[in-house]
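**Q** the sequence and its predicted three-dimensional model are supplied below.
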Amino acid sequence: MLPMKLKTTFDYEKILWGKGFSYVAGLDEVGRGAFAGPVVVAAVIFSKNIIFHDNDLYKVTDSKLLTPQKRKLLAEKIKNIALCYAVAEVSVGVINEVGIGKATQQGFQKATRMLSTHPDFLLIDAFYVEGVDRKIQMPIIHGDVLSYSIAAASILAKVYRDEYMESLDDGKYLFAKHKGYGTLYHRQKIKEHGLSSHHRTSFSLEKYL
């Protein structure tokens, strides 16, 4: 349970804008701890002159704290108001080859490169991005709650990945229900059917079954 005092704001971004960093990107990943499916990273840059004309946008926060319907609504609004955004997917094949840690870093790097405007500072939920000067990045614990840019990225990544997992659902594992995470139902289905091509083999799942 997060402390009640945590609130999603542009406070971090405003400090950086004031220091001359015009293009501050928020990054977050979704799916790092799943048993199946890709890891997805989103990056979002907002204009330092951003003004909201929609009260719903004030409800942007960590995607896990929102209903699926609210996430989808906010994702479309974020895309409309952001200066630019990018969503990067790193496949199960890559995860199984290099491990989830390196695959997640590939996702951060890919999403950053995909932005149409090159960021001059990165805000990331908890992680540093490898290969980027640490002087121009800041990992923030609970960043997906505290930073509006990171929260927006978490929403875009979550909506993208959820829709991807729903597209994989053939009724066998019910990916649409658990999105590839290690729920009891999912573990039972793995015991029943074994692993599919969508499951991760880079770490042993047996200990969780």
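**A** Happy to help now that I have it. Numbers count the residues shown, from 1 in each chain.

**Q** look through this protein and tell me its longest helix.
**A** helix 148-167 (DSSP state H).

**Q** lowest confidence element among the helices and strands of this protein?
**A** helix 184-193 (a mean of 93; mean pLDDT, DSSP states H and E).

**Q** who does that helix touch, helix- and strand-wise?
**A** In this structure, helix 184-193 makes packing contacts with helix 175-178, judged by 3 or more C-beta pairs under 8 Å, 6 or more residues apart in numbering; DSSP states H and E. From N, CA and C alone the C-beta is placed, and that goes for glycine too.

**Q** what does the helix it packs on contact?
**A** Applying C-beta atoms under 8 Å, 6 or more residues apart in numbering, the set of residues contacting helix 175-178 from outside is 36, 37, 165, 166, 168, 169, 183, 185, 186, 198.

**Q** got it, and stretch 47-65?
**A** With contacts defined as C-beta under 8 Å, 6+ apart, stretch 47-65 is touched by 8, 10, 13, 17, 22, 24, 30, 66, 70-71, 73-74, 77-78, 81, 83, 142, 144-145, 148, 151-152, 154-155, 157-159.

**Q** which ones among those are found in helices?
**A** Checked against DSSP H, the contacts of stretch 47-65 include these in helices: 13, 17, 70-71, 73-74, 77-78, 81, 144-145, 148, 151-152, 154-155, 157-159.

**Q** please name the nearest non-neighbouring residue to the spatially most central residue of the chain.
**A** Averaging the C-alpha coordinates of the chain gives a centre point, and the residue nearest to it by C-alpha atoms, centre = their mean is residue 29 (3.0 Å). Beyond its immediate neighbours in the sequence, the residue positioned closest to residue 29 (C-beta to C-beta, 6 or more residues apart in numbering) is residue 41, lying 4.7 Å away.

**Q** pLDDT wise, what is that neighbour at?
**A** Residue 41 is assigned a pLDDT of 98 by the prediction.

**Q** that's a strand at it, yeah?
**A** Yes. With DSSP: H, G, I helix; E, B strand; the rest coil as the criterion, residue 41 is assigned to a strand.

**Q** tell me the spacing between it and residue 195.
**A** Here the criterion is C-beta to C-beta, to the nearest Å. By it, residue 41 lies 24 Å from residue 195.

**Q** any weak-confidence spans in this protein?
**A** Residues of the chain meeting the criterion pLDDT under 70: 1-5, 203, 206-209.

**Q** go again with 50.
**A** 1-4 (pLDDT under 50).

**Q** OK, contacts around residue 136?
**A** 21, 120, 121, 122.

**Q** test my guess that the first one contacts residue 120.
**A** What it means is residue 21. Yes. In this structure residue 21 lies within contact range of residue 120 using C-beta atoms under 8 Å: 5.0 Å.

**Q** of the two, which one has the most company?
**A** Summary of the neighbour comparison: residue 21 and residue 120, criterion other C-beta atoms under 10 Å, with residue 21 having more neighbours (17 against 14).

**Q** so what sits opposite the nearest residue in space to that one that is not next to it in sequence in the bridge?
**A** Setting aside the residues directly before and after it, residue 21 is nearest to residue 121 in space (C-beta to C-beta, 6+ apart), at 4.1 Å. Per DSSP bridges, residues listed as beta-bridge partners of residue 121: residue 24.

**Q** that's all I had, so thanks and see you.
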